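K.L.:
Any chance you could fold what I've pasted below:
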Amino acid sequence: MNLFNSANKALTTCLAGPSSFSARQYGSSATRAASSLAGKSTAVPGYGHFTSPLRKVHLDYHCDSVAQRGLRAFIRDDLVEVAKANPDVEFVVRRLKQGKAALLRGHYVNGRDKVVCVNSLDRQQVANKLELILSSGGGKIKHLKNIQLEAGPGAESARGVWSGIHSEISGEGYRV
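P.N.:
Numbering: from 1, shown residues only. Below you'll find the predicted structure:
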C-alpha cells in the first residue's frame, strides 16, 4: 500500500499544477499506481464468472494542456472507483509530450485496440467514452448501412421456385 500512497502523491502533484511533476523524482510510480489498483484476473470456471475481453486501458494526458482538463479531472476524481469496479482490467496512466492529444486506448484479448480522442471533453464525457471502451468486445467494426443479403446454397430465391409444371399453356394461363 506504500507504493500506492507515493504514486497517488506523484499523480496529484502532477495534476495539481503545471510543470511540478518530475519523472526522476517519482519514477514511473504514477503508472504503477493505477495498474496496481486492478489486480490480474484469474480464470474461474463456473456460472457467473465473466472476464471482460478488455485487458488494458491506457489513459494518455499532458499536465499543462488546457484542452485535457476533463481527462485530468477524471483521473483525479473517478479513476480509482472505475478501477475498483473493473478488477480484471489493467489501467495505465501515461504522461504525453506537449502538443499530443489526450487518448483513451483499450487493448483487447483478440489483439485489436480501440483508440478514442478525449481532447476538449469534460469529466462526464470522458467517463462516457471510457464506458464505451469497457463495454466493447473489441471486434471489428461492421458498417450496417450497405449490407447485401444473400441466399445460402439450396435456399429459395426471392421470387419462388420455378418449375416446368407451372409453365404457361398458350391462351389458358398458368396450370398449377
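
K.L.:
unless I'm mixing things up, Y108 is touching R55, no?
P.N.:
Yes. Under the criterion of Cβ atoms under 8 Å, Y108 makes contact with R55 at 6.5 Å. Bear in mind the C-beta positions are built from the backbone N, C-alpha and C, glycine included.

K.L.:
Contacts made by the strand of greatest length in the chain with the rest, please.
P.N.:
The longest strand of the chain (DSSP state E) is strand 54-61. Strand 54-61 has contacts (Cβ atoms under 8 Å, 6 or more residues apart in numbering) with 34, 68, 71-72, 75, 79, 89-96, 100, 102-109, 130, 133-134, 136, 138.

K.L.:
what packs against the helix or strand just after that strand?
P.N.:
Sequence order places helix 69-77 as the next helix or strand after strand 54-61, per DSSP states H and E. Under the contact definition 3 or more Cβ pairs under 8 Å, 6 or more residues apart in numbering; DSSP states H and E, helix 69-77 sits against helix 2-16, strand 54-61, helix 123-135.

K.L.:
can you state the direction angle for helix 69-77 and strand 54-61?
P.N.:
Angle of helix 69-77 versus strand 54-61, following axes from the mean of the first three to the mean of the last three Cα atoms, to 10 degrees, is 120 degrees.

K.L.:
If you count neighbours, what's buried in helix 69-77?
P.N.:
Neighbour counts using 16 or more other Cβ atoms under 10 Å place G70, L71, R72, F74, I75 of helix 69-77 among the buried residues.
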